[in-house]
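1. got a predicted structure plus its sequence, pasted below:
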Amino acid sequence: MDRTALERHIRNTPVEGSPAQMRASFLRLAHPGGTPDLPSIETVGGCKGRWFGTGSRPIIWLHGGGYVFGGSDSHAAPALALSKVSGRPVFIPDYPLAPEQPWPAQRDAVTSVLHAIPECDVVGDSAGGHLALVLAAMHPGKIRRLAVLSPNTDRSGLSTTRKLNSATDLMNDDAQDRRLSDMALGALPSTDPEASPLLGNLSKLPPVLMTATTTEVLMDDTLLFASRAARAGVPLTLQVLPNLFHMWHLWPDALPQAHQTLKAVADHLT
């Protein structure tokens with residue numbers, strides 16, 4: 001599948017409706033050719049999930065999907081690609097989903113995984129990036145190195161691209177992002193660092209790689225966070241790619257930029 005066909009597939013597979021409908025649509029969206037054979041479900045630290053690849057020094061990938069959809073099934077392709085390029089196993093926890101289990105169920109479930117895999121490296125994309133940043137700030141030293149791909153970092157109104165880029169981001173818009181946030185984080189004030197990691201104490205974060213694209217809704221979430229983290233003394237690498245859409249890394253077989261991003265993640269974690 002080339003980029004033109006992928007963009008057509010994205011437009012023809014809207015993620016909308018009830019939570020159950022969104023979950024089914026997102027899984028179809030992530031796998032244009034149909035869901036592949038997946039590894040068996042295993043349990044780490046009391047949280048179910050899937051391992052991709054083999055080896056030592058595991059990587060934990062916290063999947064995106066607004067805390068409402070997504071899982072080890074939707075993120076199989078990038079996890080497998082990351083395992084191949086890094087030579088390391090990747091575990092994707094199937095943390096609880098909202099609205100059935102709102103925040104902090106996700107935070108607590110993954111905290112147990114971090115205790116089970118000490119001094120691990122963590123990748124998080126979108127909402128999973130938000131989760132990774134919250135956990136890294138709450139548990140200094142638990143995460144050795146961190147890579148976050150287009151994370152949600154600000155719900156306080158500082159970001160300008162949430163509205164400006166809603167027309168140019170095939171995978172996200174401000175209204176959808178707010179709807180998912182209300183389902184998952186509705187009880188949290190927007191200025192709480194667990195809702196907006198940008199506003200928290202960033203000084204104890206591990207070395208971080210951040211990526212975003214110029215045309216996505218969450219570009220400012222990345223740029224603002226990178227600026228504050230760097231000022232706080234966090235070793236940080238920032239990559240901003242042109243003219244892509246949110247969660248481009250889901251399709252490493254269709255987009256060369258996705259494979260390049262995963263190679264950068266592997267290099268950073270190594």
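-> On my side now, so go ahead.
2. so where's the stretch 1-150 of the chain shaky on pLDDT?
-> Applying pLDDT under 70 to the stretch 1-150 of the chain flags no residue at all.
3. which parts of it are strands?
-> 42-44, 47-52, 59-62, 90-93, 120-125, 143-149 (DSSP state E, counting those that start in this stretch).
4. so what strands line up beside the first one?
-> For strand 42-44, the pairing partners within the sheet under DSSP bridges are strand 47-52 (antiparallel).
5. before we move on, the earlier item: how about the strands of the stretch 1-150 of the chain, which one is nearest M247?
-> Closest approach to M247 among these (C-beta to C-beta): strand 120-125, 6.2 Å. From N, CA and C alone the C-beta is placed, and that goes for glycine too.
6. so how far is V110 from M247?
-> Taking C-beta to C-beta, to the nearest Å as the measure, M247 falls 19 Å from V110.
7. swap in V68?
-> Distance, V68 to V110, by C-beta to C-beta: 16 Å.
8. between the two, who's got more neighbours?
-> Taking other C-beta atoms under 10 Å, V68 and V110 do not tie; V110 has more neighbours (25 against 21).
9. wait, the more buried one touches C47, no?
-> Yes - with contact defined as C-beta atoms under 8 Å, V110 reaches C47; the gap is 6.9 Å.
10. common neighbours of those two, please.
-> Both V110 and C47 are contacted by P93, Y95, under the criterion C-beta atoms under 8 Å, 6 or more residues apart in numbering.
11. give me the most central residue, the protein.
-> D125 (1.4 Å; C-alpha atoms, centre = their mean).
12. what helix or strand is T237 on?
-> Secondary structure assignment for T237, by DSSP states H and E: strand 236-241.
13. does anything pack onto that strand? Which helices or strands?
-> Applying 3 or more C-beta pairs under 8 Å, 6 or more residues apart in numbering; DSSP states H and E, one finds that strand 236-241 contacts strand 208-213, helix 219-231, helix 256-269.
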